[in-house]
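Trainee: Got a predicted structure here, sequence first:
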Amino acid sequence: FPYTTLFRSDQASETRDPDMLHFAMELGLKVLQMTLNAHNWRRRDMVQWVIECAVESGTSALSHIMKSWSTLFTPTEATSQVATAVMAPSTAARLELTVIEKEALMCCARALALQCASRDPQRCCLSTLTLCEKNPAAFETAYRLVVESAAEIPPTQLFAIARYMDYRGYPQRAFKLATLAMKHFTLAYNQDSHPSIGDIHWACALSQALGYNELTQIIPLIVKAVHCPTVLSDLLFRCTLAKAAVEEAQNGQYYVKDNNRVTCEEEPLRQLLEGTISAYVNTAHSRLNHISPKHYMDFITFLSKAQETFLLASDGNGRFNALINNMKVLYKGKKKLMQLVKETFG
C-alpha cells in the first residue's frame with residue numbers, strides 16, 4: 001500500500017513529537033477516507049494503526065474519529081475495532097481517565113455501536129449487544145434494534161443472538177428471537193446435516209423449559225419451517241421423553257403408555273407428531289422417485305425410523321401399513337426394493 005510507510009513514520013522513535021503525531025494521524029485519516037469503499041488487504045492494519053494513534057493523541061482524537069466514523073470506517077470496522085478498542089480497560093488505563101471521563105468515552109462508543117447496528121444489523125447487532133451489555137438503556141435499545149431488523153438478519157445470525165441472550169440470562173428475549181429466526185428459516189427434506197439443526201433443538205428445548213405456552217407458539221413454526229423428517233422425529237422424541245418425565249413425576253396423564261410405547265395425544269406435541277408423519281410420507285415419495293439400487297438399504301433404514309414415529313400415534317400402525325401398501329402399488333416396477341420392503345415390513 002503506497003501510503004503505509006509514510007503515515008507510520010512517527011513510530012521511528014520512542015519519544016513522539018506531538019505535532020508529528022497529529023500530522024501522521026491526519027494523513028492516516030485521509031487514507032481511510034480514500035480506501036473506505038476499496039477492498040485492500042492492508043485495510044484492517046490501517047484501521048488498527050489509526051486507532052492506536054488516536055489513543056496516543058488522547059480523548060479528543062478518539063471522540064473525533066467516533067463522531068466522524070461514517071466517513072472513515074465501515075459499520076463492521078467501527079464496532080469490531082473502534083468501539084471495542086475504546087471500551088477496552090487498557091485504553092482507560094493508558095489515558096489515565098477519571099471515572100467521569102471514562103463513562104463519557106464509553107457512552108460515545110455505545111452510541112457509535114448503536115448507529116452501526118441500525119445501519120448494518122446483519123453484521124453489527126451481536127457485537128453491539130456485547131458492547132452495550134453493561135448499560136441497561138443501551139442494551140435495551142440494541143435488543144429492540146435486533147427485533148425490528150429481524151427480517152434483514154439471516155436466521156443463523158438470529159439464532160446466535162438468541163443463544164447469546166439466553167447465556168446472558170434473558171430466556172424470554174432469547175425465545176422471542178428464536179421464534180423470529182424460525183419464521184425466516186427453511187430446512188429441506190434432505191438437509192439432515194444442516195449446521196442450524198443444533199439451533200432448532202436448542203430453541204425447542206428452551207421453549208419446553210419456559211412452559212406450555214412457549215412450546216405451543218414455537219411448534220407450529222418448526223412444523224412449517226422444517227421438512228426433514230429425521231430432524232422432526234428427533235425433536236419429537238426428545239420432547240416426548242422430557243414431557244413424560246415431568247408428567248410421571250407429577251402423576252399426570254399427558255402421555256398414555258400402551259404396550260410399551262408412548263403416544264402423544266395432546267397439543268402441542270400432537271401437531272409436531274402429525275407434521276413429522278407428513279414429512280416422512282413426502283420424503284419417502286421424493287426419495288423413491290430418484291432412488292438407485294445402492295441406496296436401497298438406506299431407504300429400509302429410513303422406513304424403520306419412520307415406523308418408530310408412526311407408532312407414537314394411536315392409529316400409527318394402520319397409517320404406516322397404508323404407506324407401505326401404497327408404495328407397493330405405486331413403485332411395483334422397483335421389484336428388488338419392494339421385495340426388501342415386503343421382507344422387512346410385511
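Mentor: Okay, I see it. Numbers count the residues shown, from 1 in each chain.

Trainee: starting at the chain centroid, how far to stretch 177-196?
Mentor: 10 Å (CA atoms, centre = their mean, to the nearest Å).

Trainee: got a list of contacts for that stretch?
Mentor: With CB atoms under 8 Å, 6 or more residues apart in numbering as the test, stretch 177-196 has contacts from 146-147, 150-151, 154-156, 158-159, 161-162, 165, 197, 199-200, 202-203, 206-207, 217-218, 221-222, 225-231, 279, 282-283, 286. No exception for glycine: its C-beta is placed from N, CA and C like everyone else's.

Trainee: In PyMOL, select just the buried ones from those.
Mentor: In PyMOL syntax, the buried subset of the contacts of stretch 177-196 is picked out as below (16 or more other CB atoms under 10 Å):
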select buried, resi 146+150+155+158+159+161+162+165+197+199+200+202+203+206+207+217+218+221+222+225+226+227+228+229+230+231+279+283
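
Trainee: buried residues in the helix or strand harbouring Lys102?
Mentor: Per DSSP states H and E, Lys102 falls inside helix 99-119. For helix 99-119, a neighbour-count test (16+ other CB under 10 Å) marks 102, 105-106, 108-118 as buried.

Trainee: now stretch 35-49
Mentor: Thr35, Arg43, Met46, Val47, Trp49.

Trainee: which residues of the stretch 101-250 of the chain fall in helices?
Mentor: Using DSSP state H, counting those that start in this stretch, the helices of the stretch 101-250 of the chain run over residues 121-132, 136-148, 155-167, 171-183, 197-210, 212-225, 229-249.

Trainee: What average pLDDT does the last one get?
Mentor: If you average the pLDDT over helix 229-249, you get 81.

Trainee: What of the fourth one?
Mentor: Per-residue pLDDT values across helix 171-183 average out to 97.

Trainee: so how far is that helix from its chain's centroid?
Mentor: Worked out by CA atoms, centre = their mean, helix 171-183 lies 10 Å from the chain centre.

Trainee: Put the alpha carbons of that helix into CSV.
Mentor: Provided in CSV are the C-alpha atoms of helix 171-183 (Å, rounded to 0.1, in the frame of the first residue of the first chain):
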residue,chain,number,x,y,z
PRO,A,171,-34.6,-16.6,28.3
GLN,A,172,-37.8,-14.8,27.3
ARG,A,173,-35.9,-12.5,24.9
ALA,A,174,-33.9,-15.5,23.7
PHE,A,175,-37.2,-17.2,22.9
LYS,A,176,-38.6,-14.1,21.1
LEU,A,177,-35.5,-14.1,18.8
ALA,A,178,-35.7,-17.8,18.3
THR,A,179,-39.3,-17.5,17.1
LEU,A,180,-38.2,-14.7,14.7
ALA,A,181,-35.4,-16.9,13.4
MET,A,182,-37.8,-19.8,12.8
LYS,A,183,-40.2,-17.6,10.9
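
Trainee: List the buried residues of it.
Mentor: For helix 171-183, burial by neighbour count (16+ other CB under 10 Å) applies to Pro171, Arg173, Ala174, Phe175, Lys176, Leu177, Ala178, Thr179, Leu180, Ala181, Met182.

Trainee: The fourth one reaches Ala205, doesn't it?
Mentor: Same thing as Phe175. No. Using CB atoms under 8 Å, Phe175 makes no contact with Ala205, being 11.0 Å away.
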